[in-house]
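> Need coordinates for the below:
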Amino acid sequence: MSEKLKRFTSNNKQLLIMLGVIAVVFIILSLTVPNFSTARNLTNLLQQIAPIAVMACGATYVLVIGGMDISNPAVMAASAVVGVYYMTTGGGNLVLGTILIVLTGTFLGLINGFAIAKLKMVPMVVTLSMMTIGTGLATILSGTRGLPILPASFSNVLNKTVVIIILLVVMIVMDFILTGTKFGRKLYYIGNNARTARISGIDSENITMFTYAISGMCAGIAGVINTASIATARANMGPQSQILDIISAAVIGGVSPNGGSGRVRDAVLGAVLIVGLNNVMNLLAVSDYYTTLIKGGIIIGAMGLASYRQQQAAKRGV
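Reported below is the predicted structural model:
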C-alpha cells in the first residue's frame, strides 16, 4: 500500500501542490472574508472561473506542443458576437446559434493552425494578428450600440450548475485525451522534439493544425459561457489582458512553456488560483496595475522553476 502511495505521490506532485495551495487559500479566505465559504458564493466563483479555465484547457494543448496562442480572448469575443448576431439580428435558433459560437471559435483556431503548421509562420505573430482580426470582427458586428439581449431562456438553460458541469466535462475529457490516448502522446512527442517526432513518422503539421483548432474550440465554449452570463455579447468581453490569466493558469499548473509536459487538470486548478487572486485583490481594493504586476511575476517565477527542473532532470539523465 505504501508503495502505491509513493508512486501516486511521485506521479502527481503538481496536483498535490496545487490542491495544497488552494486549500490554504480557501481556509484563509473562509476565516477573513464573510460568507466566502457559502455554497452560493462558491458556485458564483466557479462560474467566474469557468471561461478562463476552459480557455486554459485549450492553451495547455498548444503549450504542450511548444506553441503559443495569445488570441483566445479575442476569438472568444468574436465567436460570441457572431453567434449572438445570428440569434438576434438574423432571427436564428438559439441552439444553432450556440453551436455556431463553438464552430466559429474552432474555425478561427483552424486558421491559426493552418498558418503556423502549413505556412510555417511564427505562432506569436499569427495569433497576435488573429487577436486583432477577432477584435475587429466583434466590433464591426456588435456596432456602437451593441447587440440585443437574448431571451431569458438562454441564460436559464445555461445556468450556474450547467456551466460548472460543462467545465468539469471539458476538463475530464481533454485531460483523458492528452494523457490516455495515442493522440495525446503524439502532442508530448512533438513538444519534446518536433524534428524527432517528424522523423518517427508523426504527422506534426496536421496535428499542430488540429491542436490550434482545439484551442479555438475551447475559446468558443468559453464564449457560450460568457454569453449566458451577460445574456448578450460584445467586443470588449475578451480584453487583451485576459490572456495573462489564461497563460498564468496553465504555467502555474505546471504546463511547460517550452513544450512536452503539463496536464489539463492542473491548468484548471491554476485558473482557480488566478481567478481567486483577482477576487482577493478586488476585495482588498488593490489597483489593477499591481494585480497585473503580481501575475506577471508569478508567470516568470513559474517559468523559472520549470526551467530549473528541466535542467536538473537533464543533469540526472532523466
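> The nearest residue to Gly238 once chain neighbours are set aside: how many residues sit nearby?
Leaving aside its sequence neighbours, Gly238 sits nearest to Ala77 (C-beta to C-beta, 6 or more residues apart in numbering; 3.2 Å). (Each C-beta comes from the backbone N, C-alpha and C, glycine too.) For Ala77, the neighbour count with other C-beta atoms under 10 Å is 30.
> try Ala23
Using other C-beta under 10 Å, Ala23 has 10 neighbouring residues.
> what's the host helix or strand of the residue nearest to Gly238 packed up against?
Assigned by DSSP states H and E, Ala77 belongs to helix 72-88. Secondary-structure packing of helix 72-88 (3 or more C-beta pairs under 8 Å, 6 or more residues apart in numbering; DSSP states H and E): helix 39-64, helix 94-117, helix 123-142, helix 204-230, helix 242-252.
> Please spell out which residues along the second one are buried.
Using 16 or more other C-beta atoms under 10 Å as the test for burial, helix 94-117 gives 94, 97-98, 100-117.
> With the third one instead?
Neighbour counts over helix 123-142 (16+ other C-beta under 10 Å) mark 123, 126-128, 130-131, 133-135, 137-139, 141-142 as buried.
> Not counting that helix itself, show me its contacts.
Helix 123-142 is contacted by residues 62, 67-71, 73-75, 77-78, 80-82, 85, 108, 111-112, 115-116, 147, 233-235, 238, 240 when judged by C-beta atoms under 8 Å, 6 or more residues apart in numbering.
> next one: that helix to chain centre, how far?
Remark: helix 123-142 is offset 17 Å from the chain centroid, using C-alpha atoms, centre = their mean, to the nearest Å.
> Now do the helix or strand that it is followed by: which elements does it pack against?
Downstream of helix 123-142, the first helix or strand assigned by DSSP H and E is helix 152-157. Using 3+ C-beta pairs under 8 Å, 6+ apart as the contact test, the elements touching helix 152-157 are helix 204-230.
> could you redo the last one with a cut-off of 10 Å?
Judged by 3 or more C-beta pairs under 10 Å, 6 or more residues apart in numbering; DSSP states H and E, helix 152-157 is in contact with helix 94-117, helix 204-230.
> on contacts alone, who are the packing partners of the shortest one?
Under the contact criterion of 3+ C-beta pairs under 10 Å, 6+ apart, helix 94-117 touches helix 39-64, helix 72-88, helix 123-142, helix 152-157, helix 204-230.
> and the fourth one, which residues are buried?
Using 16+ other C-beta under 10 Å as the burial criterion, the residues of helix 152-157 that qualify are Phe154, Ser155.
> before we move on, back to that, could the helices and strands packed on helix 152-157 be laid out in TSV, adding distance to Val25?
Output for these, formatted as TSV (distance: least, C-beta to C-beta, whole Å):
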stretch	distance to Val25
helix 94-117	31
helix 204-230	23
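> Make a markdown table from these and add distance to Ala39 and mean pLDDT to it.
Output for the helices and strands packed on helix 152-157, formatted as a markdown table (distance: least, C-beta to C-beta, whole Å; pLDDT from 0 to 100):
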| stretch | distance to Ala39 | mean pLDDT |
| --- | --- | --- |
| helix 94-117 | 27 | 96 |
| helix 204-230 | 19 | 96 |
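> Out of those helices, which gets nearest to Asn282?
Across these, Asn282 has its closest neighbour in helix 204-230 (17.1 Å, C-beta to C-beta).
> about what we covered before: could you pull up the residues touching the residue nearest to Gly238?
Applying C-beta atoms under 10 Å, 6 or more residues apart in numbering, we find Ala77 in contact with 131, 134-135, 137-139, 142, 219, 222-223, 226-227, 233-239, 242.
> try it again with 8 Å
Shown in contact with Ala77 (C-beta under 8 Å, 6+ apart): Gly134, Thr135, Ala138, Gly223, Ala233, Arg234, Ala235, Asn236, Met237, Gly238.
> For the residue nearest to the third one when sequence neighbours are not counted, what are phi and psi?
Pointing back at Ala138 there. Excluding the flanking residues, the one nearest Ala138 by C-beta to C-beta, 6+ apart is Ala235, at 3.8 Å. Dihedral angles of Ala235 (phi, psi; degrees, to the nearest 10) stand at phi -60, psi -30.
> Assess the claim that Ala235 and Ser79 are in contact.
No. Applying C-beta atoms under 8 Å as the test, Ala235 and Ser79 come out as separate, 11.8 Å apart.
> okay, the two: which has more neighbours?
With neighbours defined as other C-beta under 10 Å, Ala235 and Ser79 compare such that Ser79 has more, 35 against 23.
> Report the separation between that one and Val224.
Using C-beta to C-beta, to the nearest Å, Ser79 is found at 8 Å from Val224.
> Give me the common contacts of these two.
Common contact partners of Ser79 and Val224 (C-beta under 8 Å, 6+ apart): Ile101, Val102.
> Does Ser256 lie in a helix or a strand, and which?
Using DSSP H and E, Ser256 is not contained in any helix or strand.
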